[in-house]
Structure formats: C-alpha cells, structure tokens
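any chance you can model this:
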Amino acid sequence: MFFAVFYPMLSSESPTSVHLGRTLREPVFLGGTWEHPLGTDNLGRDILLQLAHALRVSGLVAVVSVFFAGTAGAIFGLLSGYRGGWVDFIVGRLTEAQMALPLLIVAMTLVVALGPSLPTLVLAIALSGWVPFARLVRSETLALREREFVTLAQLSGVHAARILVRHLLPNVIPSTLILATQQIAVAVIEESALSFLGLGVQPPNTSLGLMVGQTRVYMQSDPWLPMVPVLALVVLSLSVNLLGDQMRNKMGVRR
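Numbering: from 1, shown residues only. Predicted coordinates for the structure are as follows:
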C-alpha cells in the first residue's frame, strides 16, 4: 500500500493514458527497459502505474466495506448477546439467511438493481461480510455480560445503552480489529473476483481483479500481463494477514 500511495507522485502520466505506439512492451525482467519496469499493456498503458492505481482502488474498497460490515456486525452482536431472547432469535435467523446467500448472488442482485459501481461493490461485500463480526461479538458479549462489572452497572441502574457503549464495546474492540484485518484480506479477494466477472469496478477505473480480467486473453502470448496483478493480489492478501497476526500478538488476543 505504501507503493500504491507514493508511486503515482513520481510520475505525471495517468495510469489510463493510451499510447498505441508502445503497446505490449516487455518488463525489465524479460529484457525490457526501466522506462516501463513492468512493461505496457495492449493499449500502451504503463503496467506499474496501473498496478499502483489498482492497489489503491482494491484497498479502498476492502477497507470501506469491512468498516461497514464490522460496524453492522458489532451492533447486531452486542444487541444479540446482551439482550438475548427475541433479539437474539432475530439476529440468529438473519445470520443464517445471510450465510445461505452466496456473495455472487448478492452482488448480481445489487448490480441489476443499482448498476455496477464502486458503491454497489462496497455494499455487496459489506452485506456478505457482517456475519463473522456479529457472531464473534455475540459470543464475547455473552461471556462479558456475566462479569462483575456488568452486574454492578445493572444493579446501579445504568441504562442498557450506556452499558453496551461504555462497558461492553471497549472489551470487544481488540478481537474485532483482529477479525477486521483478516476480513480485509477476504474482501480484497472478493472485490477481485467480482471485478474479474464484470460485477465490480468498471473501466476506465481499474482494480487488481479488473486487470486480471482484461489481460487473461494474453495468458499464452504474454503471460506476465495477468501474472503481475495476480502476484500483487497474493502479496497484498498475505501482508494483511501477517499484519493481523502481529496485532494479535501485540494485543494478546487468543485465536
């Protein structure tokens, strides 16, 4: 992500600029020049610039969608775990219903209803990603509501909303943040899959999945074209997971 943020500042060229006089130039590791370290595509666009822009878009979609999914899941989980009863029953049925709907079905429904766009993509990933947060927060809330500090707050007449916000929420945030890092990696892959299928990011914008989709026809003649975004996708997902492991160790959160 550091590369994605700062590399475009080193070049005045737009990642979507078409230059038909320099199409399909090879990358440096295949004998190309440093003018275009990762080569150019069939429209003469610089692959390195496209990759930087794609990482920005994919990362932004993943982070925003996980933020909304985590917020919704935490709210449902807190209410379900603390209130129990009919609230827990309704949330439980909602999670089961959501788990029964594949991401692709949700995305296709939203694309038909709202049209393919970044907001639609974020909404689709968020709708499919709130369940893990709800289940995690619910399980932790069930354990926390039996603790002495919650019981004392209830006996003191503290309002339920205050107990949720001041006493329970701070205790579930560490594990929720750990889960969020894992879900960001999942969201990056989901965004790439949807964009690859034409249900996500649309040209002239770009993302890792869209780059793979646009260059897959060159798999035999110029295999480095689709392999560059695929490797970037692997490295990005692995890096986010490693970050989550480091956060878990620092915070002392158990698996």
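
only C-alpha atoms for contact and neighbour calcs from this point on.
OK.

the helices in the stretch 1-150 of the chain, which residues?
Secondary structure of the stretch 1-150 of the chain by DSSP state H, counting those that start in this stretch: the helices cover 2-6, 47-83, 85-99, 103-114, 118-144, 148-155.

can you report how many residues neighbour residue 230?
Other residues within reach of residue 230, judged by other CA atoms under 10 Å, total 17.

that one: which element?
Mapping residue 230 onto the secondary structure by DSSP states H and E places it in helix 224-251.

burial count for the closest residue to residue 151 other than its chain neighbours?
Of all residues beyond its chain neighbours, the one nearest residue 151 is residue 145 (7.3 Å), with distances taken as CA to CA, 6 or more residues apart in numbering. Residue 145 has 19 neighbouring residues, counting by other CA under 10 Å.

which residues does residue 145 contact?
Taking CA atoms under 8 Å, 6 or more residues apart in numbering as the contact definition, residue 145 lies against 82, 151, 168.

so residue 210 is in contact with residue 191, correct?
No. Shown here, residue 210 and residue 191 do not form a contact pair, counting by CA atoms under 8 Å, at 9.3 Å.

between the helices of the stretch 1-150 of the chain, which one is closest to residue 182.
In terms of CA to CA, the element of the helices of the stretch 1-150 of the chain nearest to residue 182 is helix 47-83, at 9.7 Å.

and that closest one, how far from the chain's centre?
Helix 47-83 has its C-alpha centroid displaced from the chain centroid by 5 Å (CA atoms, centre = their mean, to the nearest Å).

just stretch 17-33 next, same as before
For stretch 17-33, the distance between its averaged C-alpha position and the chain's averaged C-alpha position is 31 Å (CA atoms, centre = their mean).

so which bits of it are buried?
Taking 16 or more other CA atoms under 10 Å as the basis for neighbour counts, the residues of stretch 17-33 that come out buried are 23, 24, 25, 26, 27.

do the same with stretch 127-134
For stretch 127-134, by 16+ other CA under 10 Å, it's 127, 128, 129, 130, 131, 132, 133, 134.

for the third one, which non-adjacent residue is closest in space?
Once its chain neighbours are removed from consideration, residue 129 has its nearest residue in residue 69; the separation is 5.5 Å (CA to CA, 6+ apart).

do the same with the second one
Beyond its immediate neighbours in the sequence, the residue positioned closest to residue 128 (CA to CA, 6+ apart) is residue 103, lying 5.9 Å away.

just the pLDDT at the residue nearest to the spatial centre of the chain, thanks.
In the chain, the centroid-proximal residue (CA atoms, centre = their mean) is residue 62; its distance is 2.3 Å. According to the prediction, residue 62 has pLDDT 93.

that one and residue 32: what is the separation?
Distance of residue 62 to residue 32, computed by CA to CA, to the nearest Å: 33 Å.

circling back to that earlier point, just name the closest of the buried residues of stretch 17-33 to residue 17, please.
Relative to residue 17, the closest of these is residue 23; by CA to CA it sits at 11.8 Å.

poorly predicted segments of this protein, please.
Residue ranges of the chain with pLDDT under 70: 1-12, 252-255.

sorry, back to before: want to throw the helices of the stretch 1-150 of the chain into a markdown table with distance to residue 248?
Below are the helices of the stretch 1-150 of the chain laid out as a markdown table (distance: least, CA to CA, whole Å):
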| stretch | distance to residue 248 |
| --- | --- |
| helix 2-6 | 22 |
| helix 47-83 | 17 |
| helix 85-99 | 26 |
| helix 103-114 | 28 |
| helix 118-144 | 15 |
| helix 148-155 | 25 |
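
of the ones you listed, which approaches residue 227 most closely?
helix 47-83 (11.4 Å).

which strands and helices lie in contact with that closest one?
helix 2-6, helix 85-99, helix 118-144, helix 169-196, helix 208-215 (3 or more CA pairs under 8 Å, 6 or more residues apart in numbering; DSSP states H and E).
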